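Colleague: Predicted model, plus sequence, below.
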Amino acid sequence: GGGMALVENWAASSRNKIDKYQYNRNYHAGNAVLRYKHTWNDAHSLNVFGGMNIEYKEVDYFNAEIRDLLDQSKPEISLAIGDKFIYGSHTSWAIMGFFARANYAYKNRYLIELNGRFDGSSRFPTDQQWGFFPSVSLGWRISEEEWMKDVACVNQLKLRGSWGVTGNNDIVNYAAYDKLLSANYTFGTNNTLVPGLANISSTLGNRAISWEQTNEYNVGFDLSMFKTRLNLSVDYYYAITKSLLFQQPALAITGYTNYWNNIGKVRNQGVEIEINTYNIKTKKFEWQTQLNLATNNNRLLALGEGAERLLSYGERSEVYVAQVGGPAIQYYGYSTDGVWTSQEEIDAFLAGRPATEVFLVGKTVVPGTLKVEDNDKNGIIDAYDRVPLGSPFPTLTWGMTNTFTFHGFDISFMLQGVAGVTVLNGDGYYQETKKINKAYTTNRFISADHPGDGKTPTFANANGMQWELTDYLLQNASYAALKDVTIG
């Protein structure tokens, strides 16, 4: 299949010029599959299929601007006599894959599945484009064994396990190459300014990047009991992702700010549980409950090149850290212990220190500002006192749906929640929002006579540590909510 979109427009503007915009997008995809299926001796079954798939997308953009239009009621090129400016871009990507799968079952009890994919992506350099991704899974339907036939309460019991490798090519196009971008330069003895191309990209090309790979192991079981009124599915997963595709900072001497690289190793492990029960099931009334729980423990195992920590920055100047041994991303900053409520409190704390010794580097300690903790206990608050402050990854997600049916009328409601997750409240960064947020106005410090609750700082003083660099704006984002109600 495929598709094409073309947008083209000429328009005269109020600045006495004519513009042309043209946007052209093409997308094509195709698949070819062969299948083979065979059963013999009423015991063996084999199902094999294989094939290939291909995707291709290209986007063209063109913009021409010609100034000094003689008559704005007639937006024609021939009626514009001024300077001409032409811009354009072309991007494209493609992916091709070959795949095969084989399923074998013996007496519908012992199951095995083999998979293999061989994928190539245009987003990687020519000698790094292809990757092989195999997987295997095993299953045992215990409930089909003769010695389980007498266990009347069990309708189905199945054990299963799997191992597989998956690939990821989700990066920007042309990350492997240095790119020429539009740039003006002077030409001739008159230093005429003319358009041209130059390598002014902030991203350095990396000809060594290739597929990110995840090795995942999974074991679990499916259980159905009491005439399928209780259904339980439990899975444990353990996944290692290596050669992560990551846009990391570049050394300043290169003249670039960043580059894409395969770096680091991350582990994810956890348990997923799904329960489906028919609590009440009669001819007139039925009550069904579906519950799912998922835990995840995320750890950064390596950064590569011997690095132990990598810092990055958010849009509000908040700092994030990727630190080996911790979650793959954490908030990073200064921990606090309330607010300085008076000058007397500050003087008592600083008593005995030399007048020339700086306590809060680059800042002034004044009443109403955050009381930053000296985590390395050296008597000075500086960048070395920053610590991990929490992770934006939840450790538990859950959802529950209850459905009631009575004489053909049904009502259902869904609850959803997460736990163990930290977020940064951006309202505290902007003056216009912090002044109307009760969390930052109620009980805040106003003066030594009106110190508030001792936890909420003033926002009328520019001294002290910025809120976004501390734990003050971080909040526990765990929640439980009514997500959906359906009646019908």
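Modeller: Nice, thanks for sending it over.
Colleague: Count the neighbours of the closest residue to Leu424 other than its chain neighbours for me.
Modeller: Using Cβ to Cβ, 6 or more residues apart in numbering and skipping the chain neighbours, the partner closest in space to Leu424 is Leu473 (5.2 Å). C-beta here means a position set from N, CA and C on the backbone, and glycine is covered the same way. Residues lying near Leu473 (other Cβ atoms under 10 Å) number 24.
Colleague: Check Glu212 too.
Modeller: Using other Cβ under 10 Å, Glu212 is surrounded by 22 other residues.
Colleague: which residues touch Val423?
Modeller: Each residue near Val423 by Cβ atoms under 8 Å, 6 or more residues apart in numbering is listed here: Pro392, Leu474, Gln475, Ala477.
Colleague: Scan those and report the most crowded one.
Modeller: Leu474 (20 neighbours).
Colleague: Surely the residue nearest to Leu424 touches Thr433?
Modeller: No. Leu473 is beyond contact range of Thr433, at 11.6 Å (criterion: Cβ atoms under 8 Å).
Colleague: So what's the gap between the host helix or strand of Gly116 and the chain middle?
Modeller: Using DSSP states H and E, the element containing Gly116 is strand 110-121. Strand 110-121 sits 26 Å away from the centroid of its parent chain (Cα atoms, centre = their mean, to the nearest Å).
Colleague: What's the first helix or strand after that strand?
Modeller: Heading C-terminal from strand 110-121, the first helix or strand you meet, by DSSP H and E, is strand 130-141.
Colleague: Sheet-wise, list the partners of that following strand with their directions.
Modeller: When pairs are called by DSSP bridges, strand 130-141 turns out to pair with strand 110-121 (antiparallel), strand 154-168 (antiparallel).
Colleague: what sits against Thr91?
Modeller: Glu58, Val59, Asn173, Tyr174.
Colleague: should've said Val266
Modeller: By Cβ under 8 Å, 6+ apart, the contact list for Val266 reads Ile240, Thr241, Leu244, Asn298, Arg299, Leu300, Leu301, Ala328.
Colleague: Could you check how far it is from Val372?
Modeller: Val266 is 31 Å from Val372, where distance means Cβ to Cβ, to the nearest Å.
Colleague: Over to Ile200?
Modeller: 40 Å.
Colleague: If you count surrounding residues, which of those two has more?
Modeller: Taking Ile200 and Val372 together and counting by other Cβ under 10 Å, Val372 has the greater number of neighbours (25 against 11).
Colleague: can you give me the offset of stretch 150-168 from its chain's centre?
Modeller: 29 Å.
Colleague: my bad, stretch 165-179
Modeller: Taking Cα atoms, centre = their mean, one finds stretch 165-179 lying 16 Å from the centre of the chain it belongs to.
Colleague: Repeat that for stretch 442-460.
Modeller: 37 Å.
Colleague: Going by neighbour count, which residues of it are buried?
Modeller: For stretch 442-460, a neighbour-count test (16 or more other Cβ atoms under 10 Å) marks Arg444, Phe445, Pro451, Gly452, Thr456, Pro457, Thr458, Phe459 as buried.
Colleague: Of the residues you listed, which belong to strands?
Modeller: Of these, none are assigned to strands by DSSP state E.
Colleague: And these, which is closest to Ala32?
Modeller: Using Cβ to Cβ, Phe459 is the member of the buried residues of stretch 442-460 that lies nearest Ala32, at 63.5 Å.
Colleague: Give the residue spans of this structure that score low on pLDDT.
Modeller: The chain contains residues with pLDDT under 70 at 1-15, 70-81, 354-358, 461.
Colleague: Which stretches in it count as helices?
Modeller: With helices called from DSSP state H, the chain shows them at 343-350, 431-434, 438-441.
Colleague: Need the winner for burial among the ones you listed.
Modeller: Of these, the one with the most neighbours on average (mean count of other Cβ atoms under 10 Å) is helix 438-441, at a mean of 14.
Colleague: who's in contact with that one?
Modeller: Asn425, Asp427, Gly428, Lys434, Lys435, Thr456, Phe459.
Colleague: Would you confirm that the first one contacts Gln475?
Modeller: Okay, so that is Asn425. Yes. Contact criterion Cβ under 8 Å: Asn425 and Gln475 qualify, at 5.4 Å.
Colleague: how far away is Asp374 from Thr470?
Modeller: As judged by Cβ to Cβ, Asp374 and Thr470 stand 13 Å apart.
Colleague: who's more crowded, these two?
Modeller: Shown here are Asp374 and Thr470; by other Cβ under 10 Å, Thr470 has more neighbours (23 against 16).
Colleague: Tell me the spacing between the more buried one and Asn476.
Modeller: Separation of Thr470 from Asn476 (Cβ to Cβ): 16 Å.
Colleague: Next up, the contacts around the nearest residue to Cys153 once chain neighbours are set aside.
Modeller: Spatial nearest neighbour of Cys153, excluding adjacent residues (Cβ to Cβ, 6+ apart): Met225 at 5.4 Å. Residues near Met225 by Cβ under 8 Å, 6+ apart: Cys153, Val154, Asn155, Asn231, Leu232.
Colleague: between those residues, which is closest to Met465?
Modeller: Nearest to Met465, judged by Cβ to Cβ, of the contacts of Met225 is Leu232 at 50.5 Å.
Colleague: With adjacent residues omitted, what lies nearest to that closest one?
Modeller: The shortest distance from Leu232 to any residue other than its chain neighbours is 4.5 Å, reached at Leu223 (Cβ to Cβ, 6+ apart).
Colleague: didn't that neighbour look like it was pressed against Leu157?
Modeller: Yes. Applying Cβ under 8 Å as the test, Leu223 and Leu157 come out as touching, 5.4 Å apart.
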